[in-house]
Every structure is written in C-alpha cells, then in structure tokens.
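Undergrad: Whatever this is, show me its structure:
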Amino acid sequence: MSSRQRLAVDISAPHPLQAEKDTRYVDMLLQLDEIPWWHNVLASLFTWLLLAGYVILPGAFASIRNSRVLSEEAGAAGKAVVKAAQTWPVLTVALICCIGGASGMSWLWLRWKKNYIWLLRKIIEPGMLNSLAGLVTTIVNIYTARNKFWSRTAIVTAVVTGTCASILMILFSVHHFWKLRHVKEEHERLKLEAESKG
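TA: Below you'll find the model as predicted:
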C-alpha cells in the first residue's frame with residue numbers, strides 16, 4: 001500500500017473519539033473560539049474597573065486625607081488638596097468603577113453562563129483574585145499607613161471587597177467543583193463508551 005493510499009485510509013477512518021464532539025465539554029471548548037474577541041477585552045476591562053474601584057481610589061483617598069505633610073506643612077495649597085480629597089467626587093468615581101465593573105461582569109456572565117470554562121477563566125477567577133487583592137490591600141493599608149484606624153471609607157472598602165471576594169469564591173466553587181466537574185465526568189463517560197464500542 002502506497003503512502004497516498006494509507007493517508008486516504010487514515011482520513012476516511014472514523015476517529016475513535018468522534019462521539020466526543022457531542023459532549024457539552026467539547027462544545028464549551030469549541031465555543032471558546034466563537035466568543036467575540038471584544039467580549040474577552042470587555043471581561044478584562046470590567047475586572048480591572050472593579051479592582052480600580054475598591055483598591056486604587058479608596059486607598060488614594062485615605063492616604064491623601066491623612067497626609068500630615070499636605071495638611072500641616074504644605075500650607076494653603078496642601079490644605080486645599082486635603083479638602084478636595086475629603087469631598088465625595090473621589091468616592092463617587094470609586095463607586096462608579098465598582099458598579100460599572102460588577103455590572104459589566106454580570107452582563108458577560110449572563111451572556112455566556114452556559115460556557116463554564118470561559119466564565120471561570122475570564123470572569124470568576126480574575127474577579128475573585130482582584131477582590132482578594134483589594135481586601136488584602138485594604139487591610140494592609142489600615143494596619144500600616146492608617147495606624148489600625150478603621151474609617152468609614154476603610155469599612156466600606158473592606159465590606160465591598162470582602163463581599164465581592166465571597167460571592168466570587170462561591171461562584172468559583174459552584175462552577176469549578178460542581179458544574180464543570182459534572183460536564184467533564186459526562187465527557188469521560190461518553191469517551192469510554194465510544195472507545196468500548198470501537
């Protein structure tokens with residue numbers, strides 16, 4: 001048999017795992033290529049917006065407000081900066097970032113809720129890690145730069161980041177250890193059935 005005939009035989013022979021293409025797990029993997037690239041970009045943007053909302057802006061708010069150099073030694077200009085930092089616009093920007101990030105993540109979660117792999121990789125895991133980073137940063141900020149003083153902003157930041165981290169850890173557990181595990185088990189079972197028939 002020539003190499004050209006062997007190739008024709010190999011191509012025409014059914015793949016032993018052809019039944020796999022019908023499993024939900026394989027469908028999820030194939031769907032990863034069909035998800036628009038801009039949804040991946042939006043997922044990254046929304047998780048970073050959430051991070052900016054409860055880590056960067058409230059941390060800067062607390063640091064500027066408690067700066068002795070600005071309030072005591074920099075004169076009128078320093079006092080103006082401290083007064084501006086004590087106003088609500090900075091907190092409003094942080095709130096907009098949190099709400100925008102969480103809303104965008106929720107929209108993408110609803111849009112792709114049947115693809116557990118994408119949800120875990122693009123929404124749940126990054127959001128959970130960013131929330132945990134925000135919580136750790138808030139606690140470190142309070143116990144180092146703020147001399148263990150829990151201001152209202154610090155409490156709100158800790159509650160928001162802790163709540164987000166808790167919700168995302170629950171979602172991670174449900175999707176990774178329950179939903180995706182069942183889909184993978186179904187895939188393995190169908191694969192074994194296809195191999196035993198073939």
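Undergrad: where exactly do the helices run in the chain?
TA: 3-12, 24-31, 37-51, 57-65, 68, 75-86, 88-111, 116-118, 125-143, 152-172, 180-197 (DSSP state H).
Undergrad: Present the ones you listed as a markdown table; the columns should include mean neighbour count and mean pLDDT.
TA: Where C-beta positions appear, they are placed from N, C-alpha and C, glycine not excepted. Output for the helices of the chain, formatted as a markdown table (neighbours: other C-beta atoms under 10 Å; pLDDT from 0 to 100):
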| stretch | mean neighbour count | mean pLDDT |
| --- | --- | --- |
| helix 3-12 | 9 | 40 |
| helix 24-31 | 16 | 93 |
| helix 37-51 | 17 | 95 |
| helix 57-65 | 19 | 56 |
| helix 68 | 10 | 55 |
| helix 75-86 | 13 | 60 |
| helix 88-111 | 16 | 88 |
| helix 116-118 | 21 | 97 |
| helix 125-143 | 19 | 90 |
| helix 152-172 | 18 | 89 |
| helix 180-197 | 14 | 91 |
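Undergrad: Against residue 170, how distant is the residue nearest to residue 99 when sequence neighbours are not counted?
TA: Of all residues not flanking residue 99 in the chain, residue 53 sits nearest, at 7.7 Å (C-beta to C-beta, 6 or more residues apart in numbering). Distance of residue 53 to residue 170, computed by C-beta to C-beta, to the nearest Å: 20 Å.
Undergrad: try residue 35
TA: Distance from residue 35 to residue 170, by C-beta to C-beta: 24 Å.
Undergrad: what's the answer for residue 120, then?
TA: 13 Å.
Undergrad: Which residues are in contact with each of these two?
TA: Residues touching both residue 120 and residue 170 (C-beta atoms under 8 Å, 6 or more residues apart in numbering): none.
Undergrad: thinking residue 108 is in contact with residue 41, fair?
TA: No - at 10.8 Å, residue 108 does not count as touching residue 41 under the criterion of C-beta atoms under 8 Å.
Undergrad: Pick out the residue closest to the middle of the chain.
TA: Note on the chain: the residue nearest the mean C-alpha position is residue 127, at 2.3 Å, using C-alpha atoms, centre = their mean.
Undergrad: wait, isn't that residue in contact with residue 50?
TA: Yes - at 6.3 Å, residue 127 counts as touching residue 50 under the criterion of C-beta under 8 Å.
Undergrad: Mind listing the shared neighbours of the two?
TA: Counting by C-beta under 8 Å, 6+ apart, the residues touching both residue 127 and residue 50 are 105, 164.
Undergrad: OK, contacts around residue 144?
TA: Not one residue lies near residue 144 by C-beta under 8 Å, 6+ apart.
Undergrad: The residue nearest to residue 99 is in contact with residue 97, isn't it?
TA: Yes - with contact defined as C-beta under 8 Å, residue 53 counts as touching residue 97 (3.2 Å).
Undergrad: Lovely, talk soon.
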